[in-house]
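Chemist: Next one to model:
(one chain, ligands or ions: 2)
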Amino acid sequence: MKLRRVFVCGVAGIVLASGRLLAADSHSTNAAAATAAVYVPDTSHQNDPLPDGVLAWNGLTQETTVAADAGSAHFVFSFTNIATVHETALVTNVTTLTNITAVTNSSFIWFKKISFVTNFSTATSITTNNVTKPVPVAILDVHPSCGCTTAQLPPLPWIIAPGTNGQIGLTVNLAGKTGMQIKTVNVKTDKGFKRLDLKVTILPPVVPTQSAADRARALEMAKADRQAVFRGDCASCHVKPGAGKYGKPLYDAVCAICHESKTRASMVSDLHNIKTPTNVDFWQTWIAHGKADSLMPAFSTADGGPFSEIQIASIASYLNATIPSQLPANK
Ligand code: HEC
Ligand code: HEC
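Modeler: Numbering: from 1, shown residues only. Ligands and ions are numbered 1, 2, ... in the order given. Sure thing, here's the model as predicted:
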């Protein structure tokens, strides 16, 4: 609450200069009410940081933890439009002006209607209230940091009426991903932009366990046919976890079950300690064809395995990069 002399001048301006305005007052009010409000967003602030007090969010950072085989992670960010503009000043407590019932839209004061004013010279104390008016917010764009993240939204620009809520759904595609994934999403509005942060922790694959009897039976079957591992029930542990994966995630899902197991059978090689020189061709050939009369299956489709050439190449290049050859090639 503060006294501002300028408002007194404003009243004087209206009262003295504008008998016409006072007389026409009720008409101008009706004319304003008859015009439907069409909100046209101003896009000039979309690259400025969004000030506080525009959208109230349920959080700007969200985290989730998902199983190794989850194909995607889903987030919902909710917000409420709390934006206001400082529109005008409302005059209250006009103590010694008499017979004022209201004033219409001067540039300074917002009364409703004036019917008559007397004794203006004795006006001594006009107290003002600042008036804020709720306004719409327009969401102009929702831009994720990577193509793997998609937003679920109404058509843009999305006008959020004052005081109402909205939700932005975000889905992160996790195909072929492991470990921690951090994504950002830029939400542009007509009042500025806001960054949302997403964090997904992908749990390591659950190591399947077998009874000793099942393992012994599996070993017998594999000895009879090393490709048996890709069929029937065997495939649920030995093939399915690799679906849609490449490179390290594929190795972790399909090769590590035999080669990285701490309790692996003695005939399963330690790939970190190979006694011959290695290169991309070495890995590629082993993965594609395995070894006849051993337990190492052939993964290429040409040899009856489950892998495409691209999947084979992806593991070969991953292993060649991470397991350097232990021995120099023979010349
Ligand atoms: C429940 C999951 C599961 C199923 C089903 C399964 N395996 Fe395995 N397999 C494993 C695991 C885990 C290992 C690693 C063994 C260890 O270290 O305990 C393994 C290892 C192997 C090995 C390497 C030798 C060894 O014992 O270490 C062969 C060969 C094999 N499995 C073949 C098969 C065949 C053939 C089938 C189908 C009859 C089969 N597996 C079904 C989980 C499974
Ligand atoms: C069912 C268990 C099993 C699976 C699954 C498996 N291997 Fe093997 N792998 C073996 C066994 C057993 C050997 C030893 C073969 C032999 O007797 O020489 C071997 C040998 C190898 C060798 C040769 C190592 C050397 O010392 O020269 C390479 C390379 C290899 N595997 C890579 C892979 C890769 C890469 C994958 C995944 C695409 C994979 N293996 C999946 C069981 C497995």
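Chemist: Need phi/psi at the nearest residue to Trp158 once chain neighbours are set aside.
Modeler: Of all residues not flanking Trp158 in the chain, Ile139 sits nearest, at 4.2 Å (Cβ to Cβ, 6 or more residues apart in numbering). From N, CA and C alone the C-beta is placed, and that goes for glycine too. For Ile139, the backbone dihedrals are phi -90, psi 120 (criterion: degrees, to the nearest 10).
Chemist: Tell me who's in contact with Ile139.
Modeler: Neighbour list for Ile139: 153, 156-158, 160, 166, 187-189 [criterion: Cβ atoms under 8 Å, 6 or more residues apart in numbering].
Chemist: and if you look at Arg226?
Modeler: Listed by Cβ under 8 Å, 6+ apart, the contact set of Arg226 reads 290-292, 294-298.
Chemist: ok, whichever residue of the stretch 51-200 of the chain sits closest to ligand 1 - how many residues close by?
Modeler: Residue nearest to ligand 1 within the stretch 51-200 of the chain: Asp69 (13.9 Å; Cβ to the nearest ligand atom). Here the count is done by other Cβ atoms under 10 Å, and Asp69 has 16 residues near it.
Chemist: Dump the contacts of Arg226 into JSON lines; add neighbour count and distance to ligand 1 as well.
Modeler: Formatted as JSON lines, the contacts of Arg226 follow (neighbours: other Cβ atoms under 10 Å; distance: Cβ to the nearest ligand atom, whole Å):
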{"residue": "Gly290", "neighbour count": "19", "distance to ligand 1": "11"}
{"residue": "Lys291", "neighbour count": "12", "distance to ligand 1": "12"}
{"residue": "Ala292", "neighbour count": "8", "distance to ligand 1": "14"}
{"residue": "Ser294", "neighbour count": "13", "distance to ligand 1": "9"}
{"residue": "Leu295", "neighbour count": "16", "distance to ligand 1": "4"}
{"residue": "Met296", "neighbour count": "20", "distance to ligand 1": "9"}
{"residue": "Pro297", "neighbour count": "22", "distance to ligand 1": "8"}
{"residue": "Ala298", "neighbour count": "20", "distance to ligand 1": "13"}
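Chemist: With secondary structure, distance to Thr263 and pLDDT as new columns, can these be given to me in CSV?
Modeler: Shown next, in CSV, are these (DSSP: H, G, I helix; E, B strand; the rest coil; distance: Cβ to Cβ, whole Å; pLDDT from 0 to 100):
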residue, secondary structure, distance to Thr263, pLDDT
Gly290, coil, 21, 98
Lys291, coil, 22, 97
Ala292, coil, 26, 96
Ser294, coil, 19, 96
Leu295, coil, 15, 97
Met296, coil, 18, 98
Pro297, coil, 19, 98
Ala298, coil, 24, 98
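Chemist: hmm, back to that, selecting buried members of the contacts of Ile139 in PyMOL, what would you type?
Modeler: In PyMOL, selecting the buried portion of the contacts of Ile139, with burial taken from 16 or more other Cβ atoms under 10 Å, looks like this:
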select buried, resi 153+157+158+160+166+187+188+189
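Chemist: Quick check: the two most widely separated of the contacts of Ile139?
Modeler: Of all pairs drawn from the contacts of Ile139, the one with the longest distance (Cβ to Cβ) is Gly166 and Lys188, at 14.2 Å.
Chemist: How about the secondary structure of the spatially closest residue to Pro134 that is not a sequence neighbour?
Modeler: Leaving aside its chain neighbours, Pro134 sits nearest to Pro162 (3.2 Å; criterion: Cβ to Cβ, 6+ apart). With DSSP: H, G, I helix; E, B strand; the rest coil as the basis, Pro162 sits in coil.
Chemist: quick one, what contacts Pro162?
Modeler: By Cβ under 8 Å, 6+ apart, the contact set of Pro162 is 81, 83-84, 134-136.
Chemist: Same question for Val137.
Modeler: Here Val137 is in contact with 54-55, 81, 83, 159-160, 189-191 (Cβ under 8 Å, 6+ apart).
Chemist: which of these tops the neighbour count?
Modeler: Neighbour tally across those (other Cβ under 10 Å): the maximum, 27 neighbours, falls on Thr189.
Chemist: Hmm, that residue is touching Pro51, no?
Modeler: No. Counting by Cβ atoms under 8 Å, Pro51 is not a contact partner of Thr189; they are 10.6 Å apart.
Chemist: returning to that earlier point: what score does the residue nearest to Pro134 have for pLDDT?
Modeler: The model reports Pro162 with a pLDDT of 95.
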